[in-house]
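Asks: give the three-dimensional model of this entry:
(3 chains)
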Amino acid sequence: METTAVHGPGIITEEEPFVPGHRACSGCGEALAVRLAAKAIGNNAIIVNATGCMEVVASPFPYTSWRIPWIHTLFENTAAVASGIEAGLKAMEKKGLCSERNIKVVGMAGDGGTSDIGLQALSGAMERGHDFLYICLDNEAYMNTGIQRSSATPYGASTTTSPAGKESLGQMTWKKNLPAIAVAHDIPYVATACPSYHRDLMKKVTKALETPGPAYIHILSVCPTGWRCATDDTIKIGRLAVRTGVFPLYEVENGQYKISLNLPRLLPVKEYFSLQGRFRHLTDDTINMIQERVSREYSKLVEMASKSGEKATPEE
Amino acid sequence: MAKRVGLEVSIALADAVKLANADVVAAYPITPQTHIVEHLAELVANGELKASYIPVESEHSAMSACLGASAVGARTFTATASQGLELMHEVLYVASALRLPIVMAVANRALSAPISIWSDHSDVMAVRDTGWIQIFVENGQEAVDNVICGFHIGEDIRVLLPVMIHLDGFSLTHVIEPVILPEQSEVDRFLPLFKYPLPLDPGKPVTMGAFGPPFIYTEVKWAQEVNLEAAKEVILECWQKFGKTFGRHYSPVESYHSEGAKVLLMTMGSLSETAMVAVDKMRGEGKDVGLLKLRLWRPFPFAEFRQAVKDAEVLIVLDRALSFGGPGGPVCSEVKAALYHEAKKPKVIGFIGGLGGRDISMSGFEEMVNQGIEIAQTGSEREFEIFGVRE
Amino acid sequence: MAKTKVKSKARAEGELGWKELEIGCFITEPGNSSQFKTGDWRSRRPVLDLSKCNKCTLCYYYCPEGCIAKTPEGYFQADLFYCKGCGICATECPKDAITMVEEEK
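Replies: Okay, the predicted model is just below:
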């Protein structure tokens, strides 16, 4: 696996295991997340992909955008298939059926395929302690099937199955905290990431792969199609998600929280919402309510991180 | 020298997996398969079986883990029954379509509701169309032998398909039978190392499970079907080789006292053993009855089956599963379909019996045969008969 | 970014027969999507003003297609065979060196 230089200007790695020619929408934040993660993963890896946007855009027969081994089977079993691959490689290497190749096993699934239908398999794989990395590509709805809500859809977002209307303000439940669920499984490495902070994302993928045992990375994937925003704004919106505290960047290593980007002052969530059509219907009251919760959650995060005593990178 | 021991069939089956030197075992417990996965866990814990044992959190994950393991080239095994087989239903199609030679023992058990832990073939019949090679065994020896053959057949480069070994839950899994366990060295000579041609390997990357638009889906499925049908020749070859090596011979359709028999009874699984005894008795009484035991369920052995029934006038088929609202017994309806175009064919009478663990005794089979003969003469209002139901 | 070397052009729709399929319909030509043109999707394209580019690499990183490659001189140019015209590079360029221009037609 290529080691990636973390600091300094210039290109970290020229590797592109995920190549162009894929059918992702123009401006797709998820495709970018996959591309960046793949660069950090390198060539000595096997990718397990759930059914979803990335699977469909990257493997329309007879084309594949993957230059490394890749398997897609079903929607909810990413972590289970990854478990089998990891166990198979381990057994074969132990029995001398193949040489020790230190192949990285990486599962990739969307928020639907992780938070909803795939949660059981993920939980099982984490509990069993397989040496693999699970990446949740979170575009906050079942985008591939047409923008239906998932348990990762944020409060107040309008989707096709949680549409805003006279009787509803869209999604009426709060986003399931998947990183916390991963932390609760006592795995050695959990992190959140966003392509807008590309070096941070790639550094975290590298770190996760170097950590023995299960690792979980939750990547916010801006979706212009589903979030109803301009394709130009993908990076900007991701940055706002982080800087408003809606999607803070942090790591949890062996239970110790560490904030990746210090935000002494959160930007107002309204700035984040204003660029997205899926929040267009929100009243000021609702936005204030969401703001209050976001601020509260962020303070909790800061408190958890301060217990570990490690200092975060100041805001760039 | 191979030993002949008294073993619970589940234990013997697990020992066969050990002899086959499986690399990965995915295990989720379900009655009546539990003794198989328990004994496998013991074998791994004792270092007798060098395998990764994955105690998965559901059967869906069990088969999914098997997909992954097989895809990197590991010899893979799992076992399940009933609800577990149904829970992994969608994964079964993927295993065969992606050509992954997983071997799975199915402890045949009735499907809920009502929940039943006892044996019948409803779980088997629900997975007919999944594209797996499916073999029925009726006793402990057959279970041991066919698990070993299962790996040989499935992993053959001309086949590369997953294999189910069906054995009746409780009535076979939990009985102690005399079994000859082959020597490890014999099995090592018989069973080649597994070399999957296109594994997931960074040295030679492949994309598995691409999405298939309409312009290609038909071709993919047809390629799969041609391959499954062609697998029959490889299965016969393997059984021949097994017979030469170990002295025990298997064939897709096995006849018992059926030479010149006008009436044939057809069974699958462990009830065949009882049926054999019933046939012995009826022959002793001068009745012209024989038994057909269908061993190879998928790919369906059309040629062998038609050959076996060509002289019969009446064929009585016992189904241990009921296809609701349809032609009754799944096996019987396939038998009828197989015979439809034949110029000369027996009258086929279908019985549903042995559901949910209800045993059929020797006298039960006698009664079934007599009823069948009568119906063949007088006809019936029904599409199929239900055996032994209390009004 | 180097375009993947491909040995044979992927067969067109409706041409492949069942006998020609790999087992399991596997795709054995890694990264062959690089043969597939997505550049005809766009309605505007990025134009780089070399005099303003400071080679910061942000456009290279932020392109979801990964189609922005380093030229021999060290600048970063979008490969128009793939560029879908999303405008991310133009928006993120700290030197405003990239402008999105409407495609004719």
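Asks: show me which residues of chain C are close to chain B?
Replies: Within chain C, the residues that sit near chain B (C-beta under 8 Å from any C-beta of the partner chain) are C:13-14, C:16-19, C:21-28, C:30. No exception for glycine: its C-beta is placed from N, CA and C like everyone else's.
Asks: how does it look with 7 Å?
Replies: With C-beta under 7 Å from any C-beta of the partner chain as the criterion, chain C comes near chain B at residues C:13-14, C:16-18, C:21-28, C:30.
Asks: going through these, which ones are buried?
Replies: Among the residues of chain C next to chain B, those that count as buried by neighbour count (16 or more other C-beta atoms under 10 Å in any protein chain shown) are C:16, C:18, C:21-27, C:30.
Asks: stretch B:123-133: which residues count as buried?
Replies: Quick answer for stretch B:123-133 (16+ other C-beta under 10 Å): B:123-128, B:130-133.
Asks: dump the residues you listed into a markdown table; add pLDDT and secondary structure as well.
Replies: Output for those, formatted as a markdown table (pLDDT from 0 to 100; DSSP: H, G, I helix; E, B strand; the rest coil):
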| residue | pLDDT | secondary structure |
| --- | --- | --- |
| B:D123 | 98 | helix |
| B:V124 | 97 | helix |
| B:M125 | 97 | helix |
| B:A126 | 97 | coil |
| B:V127 | 98 | coil |
| B:R128 | 97 | helix |
| B:T130 | 98 | helix |
| B:G131 | 98 | coil |
| B:W132 | 98 | coil |
| B:I133 | 98 | strand |
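Asks: what are the phi and psi values at the most far-flung residue of chain C relative to its centre?
Replies: The centre of chain C is farthest from one residue, C:K19, which by C-alpha atoms, centre = their mean lies 32.9 Å away. Here is the backbone geometry of C:K19 (degrees, to the nearest 10): phi -70, psi -20.
Asks: how close does it sit to B:A223?
Replies: Here C:K19 is placed at a distance of 7 Å from B:A223 (C-beta to C-beta, to the nearest Å).
Asks: about what we covered before: which of the buried residues of stretch B:123-133 lies closest to C:E102?
Replies: B:G131 (51.6 Å; C-beta to C-beta).
Asks: for the nearest residue to that closest one once chain neighbours are set aside, grab the count of nearby residues.
Replies: The shortest distance from B:G131 to any non-neighbouring residue, by C-beta to C-beta, 6 or more residues apart in numbering or on different chains, is to B:S96 (3.1 Å). Look at B:S96: counted by other C-beta atoms under 10 Å in any protein chain shown, it has 24 neighbours.
Asks: B:P214 too?
Replies: B:P214 has 8 neighbours, counted by other C-beta under 10 Å.
Asks: how close does it sit to A:F61?
Replies: 11 Å.
Asks: in which helix or strand does the residue in the stretch 51-200 of chain B positioned nearest to chain A reside?
Replies: At 2.8 Å from chain A, B:G68 is the closest residue in the stretch 51-200 of chain B, using C-beta to the nearest C-beta. For B:G68, the host element (DSSP states H and E) is helix B:59-71.
Asks: which elements pack onto the helix or strand that that helix is followed by?
Replies: Counting by DSSP H and E, the next helix or strand C-terminal to helix B:59-71 is strand B:76-80. When contacts are defined as 3 or more C-beta pairs under 7 Å, 6 or more residues apart in numbering or on different chains; DSSP states H and E, strand B:76-80 sits against strand B:24-26, helix B:59-71, strand B:103-108.
Asks: of all the ones you listed, which lies closest to chain C?
Replies: helix B:59-71 (9.3 Å).
Asks: ok, the closest one near chain C or not?
Replies: No. Residues of helix B:59-71 contacting chain C under C-beta under 7 Å from any C-beta: none, with a closest distance of 9.3 Å.
Asks: so for that helix, what gets flagged as buried?
Replies: B:59-71.
Asks: contact partners of it?
Replies: A:48, A:71, A:73, A:77, A:80-85, A:87-88, A:121, A:124, B:24, B:26-28, B:54, B:56, B:76, B:78, B:80, B:84, B:87-88, B:91-92, B:94-95, B:98, B:100-102, B:199-200, B:208 (C-beta atoms under 7 Å, 6 or more residues apart in numbering or on different chains).
Asks: those residues in helices, which ones?
Replies: Within the contacts of helix B:59-71, residues falling in helices by DSSP state H are A:80-85, A:87-88, A:121, A:124, B:84, B:87, B:91-92, B:94-95.
Asks: related to what we said a few turns ago, which pair of the buried ones among the residues of chain C next to chain B spans the longest distance?
Replies: Of all pairs in those, the most separated under C-beta to C-beta is C:W18 and C:P30 at 23.1 Å.
Asks: count of neighbours near B:K3?
Replies: Counted with other C-beta under 10 Å, B:K3 comes out at 10.
Asks: so it touches B:L181, yeah?
Replies: Yes. If you go by C-beta atoms under 7 Å, B:K3 and B:L181 touch, sitting 5.8 Å apart.
Asks: contacting residues for C:G87?
Replies: Contact analysis of C:G87 by C-beta under 7 Å, 6+ apart lists A:231-232, C:100.
Asks: again, only using 10 Å
Replies: Contact partners of C:G87, counting by C-beta atoms under 10 Å, 6 or more residues apart in numbering or on different chains, are A:26-27, A:230-234, C:42, C:44-46, C:98-100.
Asks: of these, buried ones?
Replies: A:26-27, A:230-234, C:42, C:44-46, C:98, C:100.
Asks: among the residues you listed, which pair sits farthest apart?
Replies: A:D233 and C:R45, at 18.2 Å, using C-beta to C-beta across those.
Asks: follow-up on the earlier one: chain C next: which of the ones in helices among the contacts of helix B:59-71 are close?
Replies: Cross-checking the ones in helices among the contacts of helix B:59-71 against chain C (C-beta under 10 Å from any C-beta of the partner chain) gives B:V94 as the overlapping residues.
Asks: pick the one among the ones in helices among the contacts of helix B:59-71 closest to B:E334.
Replies: Nearest to B:E334 among the ones in helices among the contacts of helix B:59-71: B:L92, at 18.6 Å, using C-beta to C-beta.
Asks: surely that closest one meets B:M164?
Replies: Yes. Between B:L92 and B:M164 there is a contact under C-beta atoms under 10 Å: 8.7 Å.
Asks: please identify which of the two sits among more neighbours.
Replies: Neighbours of B:L92 and B:M164, each counted by other C-beta under 10 Å, are more numerous for B:M164; the result is 25 against 22.
Asks: any weak-confidence spans in chain C?
Replies: For chain C, residues meeting the criterion pLDDT under 70 lie at C:1-14, C:105.
Asks: tell me which stretches of it form strands.
Replies: C:44-48, C:68-70, C:76-78, C:98-102 (DSSP state E).
Asks: please name the residues that touch A:A191.
Replies: Under the criterion of C-beta under 10 Å, 6+ apart, the neighbours of A:A191 are A:135, A:179, A:182, A:200-201, A:203-205, A:207-208, A:215-219, A:249-253, A:258, A:260.
Asks: B:E8 too?
Replies: Contacts of B:E8 (C-beta under 10 Å, 6+ apart): B:14, B:35-36, B:39, B:140, B:173-177, B:179.
Asks: next: B:N21.
Replies: By C-beta under 10 Å, 6+ apart, the neighbours of B:N21 are A:95, A:97, B:49-51, B:75, B:151, B:184, B:187-188, B:191, B:193-194.
Asks: buried ones only from these, please, as a PyMOL command.
Replies: Of the contacts of B:N21, the buried ones can be selected in PyMOL as follows, counting by 16+ other C-beta under 10 Å:
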select buried, (chain A and resi 97) or (chain B and resi 49+51+75+151+187+191+194)
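Asks: chain C: which of the contacts of B:N21 is nearest?
Replies: Nearest to chain C, judged by C-beta to the nearest C-beta, of those is B:F194 at 14.7 Å.
Asks: in what helix or strand does that closest one lie?
Replies: Short version, using DSSP H and E: B:F194 is in no helix or strand.
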